[in-house]
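Trainee: this one's structure only:
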């Protein structure tokens, strides 16, 4: 590529030959200069290759003035990003304000100072190059995040296990592209299943990487799936020393459909929620040790709970109760209890969808708007 081809291209638009000559003489040694004597010609030249990197545009021109030319440039996706500097003899504030309103980035006042012209042109060319570089970097980051999102989704269960007499539903709504929530199952056989739900502190890529570590650590607990205390102890042992600025809350349950029991243990996590049969009252059960990943001396306990036909159980992360509305009021425990009591639902899927609909309505967020936190839940219904 020749040195001439490496030069940036500047389009000068002015109906006065003397102005064109002067600006051209200032810039021609450093840039490829193209000239238009009116607005219509400028709009024609701006489409020709090579497209100008910057436009110096006179404000007062017959036929089509600079404001209209700039407005058309900014309305066209092909020319929207080309910086426009107005050339003007007007110094009134309202005139300059109008120029900025239609999309100009700067003004150069007449009579022209060579030093000012060179400095303004160079500054805005550098700014444009910086914006383009940042846009490319952002695009690369977004592609990496999408890849990370796909990888993270791949570590979640691909399907919900099917056990006779037990209906299970799970929902996972990440706050951003990648999340720190996690859930998984250990299917022992057609009557026994272990279920883990976890929440890594913080958000974004670090939390997502730790959630990925949980996948491996949890799979290693299969031999002690029937003992929640041992499962949590094993997870804590696997995570301790692996990171410094994060921790993990978790809850694990082991469902024994043969005996009709559920055994539960927690690690700094929101309580297990039960409702429905036998007395249709909602109960919250906490059996929490210290959160995971920080204290190698932490110990954990478990509690066994009878399951009756018609019973409902839910594990969830704190993103459920901490979802805020536009007034920054949290959804809270009471509203969650109201949703649970507003049943009955005939399937776990319909309950999970109903709860998510309530959270969406409460948050009043539109499509594409981030939540306050990741939202994950696992609901179980013991069939009658």
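Mentor: Okay, I see it. Fair warning: this is a prediction, and the values are worked out from it, not measured in the lab. Numbering: from 1, shown residues only.

Trainee: what about residue 378, which helix or strand?
Mentor: In this structure, residue 378 sits in strand 375-382 according to DSSP states H and E.

Trainee: for the stretch 251-384 of the chain, which segments count as strands?
Mentor: For the stretch 251-384 of the chain, strands defined by DSSP state E, counting those that start in this stretch occupy the ranges 261-267, 272-276, 283-285, 288-289, 303-306, 311-316, 375-382.

Trainee: got it, and the stretch 101-250 of the chain?
Mentor: Under DSSP E, counting those that start in this stretch, the stretch 101-250 of the chain gives strands at 106-109, 166-173, 181-189, 192-200, 248-256.

Trainee: nearest to residue 341, out of these?
Mentor: Residue 341 lies closest, by CB to CB, to one member of the strands of the stretch 101-250 of the chain: strand 166-173, at 18.4 Å. (C-beta placed from N, C-alpha, C; glycine too.)

Trainee: show me the domain layout of the protein.
Mentor: With automatic domain parsing as the criterion, the domains of the chain are listed as 3-136, 156-382.

Trainee: any idea how far the longest one is from the chain center?
Mentor: To tie it back to what came earlier, the one meant is domain 156-382. 22 Å (CA atoms, centre = their mean, to the nearest Å).

Trainee: okay, now residue 104: neighbour count?
Mentor: For residue 104, the tally of surrounding residues (other CB atoms under 10 Å) stands at 23.

Trainee: ditto for residue 140
Mentor: Neighbours of residue 140 (other CB under 10 Å): 10.

Trainee: circling back: got CSV for the strands of the stretch 101-250 of the chain, with mean pLDDT, distance to residue 319 and mean neighbour count too?
Mentor: Output for these, formatted as CSV (pLDDT from 0 to 100; distance: least, CB to CB, whole Å; neighbours: other CB atoms under 10 Å):
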stretch, mean pLDDT, distance to residue 319, mean neighbour count
strand 106-109, 92, 46, 16
strand 166-173, 94, 8, 20
strand 181-189, 93, 7, 20
strand 192-200, 95, 8, 25
strand 248-256, 96, 12, 25
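
Trainee: how about those in a markdown table, adding distance to residue 117?
Mentor: Output for these, formatted as a markdown table (distance: least, CB to CB, whole Å):
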| stretch | distance to residue 117 |
| --- | --- |
| strand 106-109 | 6 |
| strand 166-173 | 54 |
| strand 181-189 | 56 |
| strand 192-200 | 55 |
| strand 248-256 | 60 |
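
Trainee: wait, which of these is closest to residue 322?
Mentor: strand 192-200 (10.8 Å).

Trainee: what strands line up against the closest one, and which way round?
Mentor: strand 181-189 (antiparallel), strand 248-256 (antiparallel) (DSSP bridges).

Trainee: run the angle between the first one and strand 375-382 for me.
Mentor: For the pair strand 181-189 and strand 375-382, the angle between their directions (axes from the mean of the first three to the mean of the last three CA atoms, to 10 degrees) equals 30 degrees.

Trainee: between strand 181-189 and strand 166-173, how big is the angle?
Mentor: Orientation of strand 181-189 against strand 166-173 (the same axes, to 10 degrees) gives an angle of 160 degrees.

Trainee: what of the last one?
Mentor: Counting by the same axes, to 10 degrees, strand 248-256 lies at 160 degrees to strand 166-173.

Trainee: can you tell me the closest non-neighbouring residue to residue 195?
Mentor: For residue 195, ignoring the flanking residues on the chain, the nearest one in space by CB to CB, 6 or more residues apart in numbering is residue 253 at 5.2 Å.

Trainee: sounds good, over and out.
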